[in-house]
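Student: Return atomic coordinates for the entry below.
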Amino acid sequence: MAKDKTVLPGIHKMREELFWDREPGAVSPEIEIERAINFGGFDYIKDVQEKYGMDKFKEVLINKRNLSRKAVNYWCLQLGIDKSTTRTFKTDTIWSPFR
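Tutor: The predicted model follows:
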């Protein structure tokens, strides 16, 4: 069976690979923003910020715990948010590959 190459509705064509585990149309704004923060380049993040607005972007940044600490730290510095208020930094890490 040939893989369907259609673009997921409302998702930037260049980053479709970030949603390999989701059905088309089953990507919530929170998931799209979360994956943009973790894996997206600056162009994709800009598109997501324009699509959903900075308030939604900040809400996900503050409230989601499945975000990279490095990415959250970077965006907190850029947006003037205290990183200790984010769920990523309030939650202890379960596993860390480095000591």
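Student: nearest spatial neighbour of the most centrally placed residue in the chain, skipping sequence neighbours?
Tutor: Central residue of the chain (C-alpha atoms, centre = their mean): residue 34, 2.0 Å from the mean position. Nearest residue to residue 34, sequence neighbours excluded (C-beta to C-beta, 6 or more residues apart in numbering): residue 64, at 5.3 Å. All C-beta atoms are positioned from the backbone trio N, CA, C, and that covers glycine.
Student: Tell me who's in contact with the one you found.
Tutor: Taking C-beta atoms under 8 Å, 6 or more residues apart in numbering as the criterion, residue 64 is in contact with 30, 34, 87, 88.
Student: Would you agree the last one is in contact with residue 70?
Tutor: Just to be clear, that refers to residue 88. No - counting by C-beta atoms under 8 Å, residue 88 stays clear of residue 70, with 10.0 Å between them.
Student: Of the two, give the one with the bigger neighbour count.
Tutor: Using other C-beta atoms under 10 Å as the criterion, residue 88 and residue 70 rank with residue 88 on top: 21 against 9.
Student: Tell me which helix or strand the more buried one sits in.
Tutor: Using DSSP states H and E, residue 88 falls within helix 87-90.
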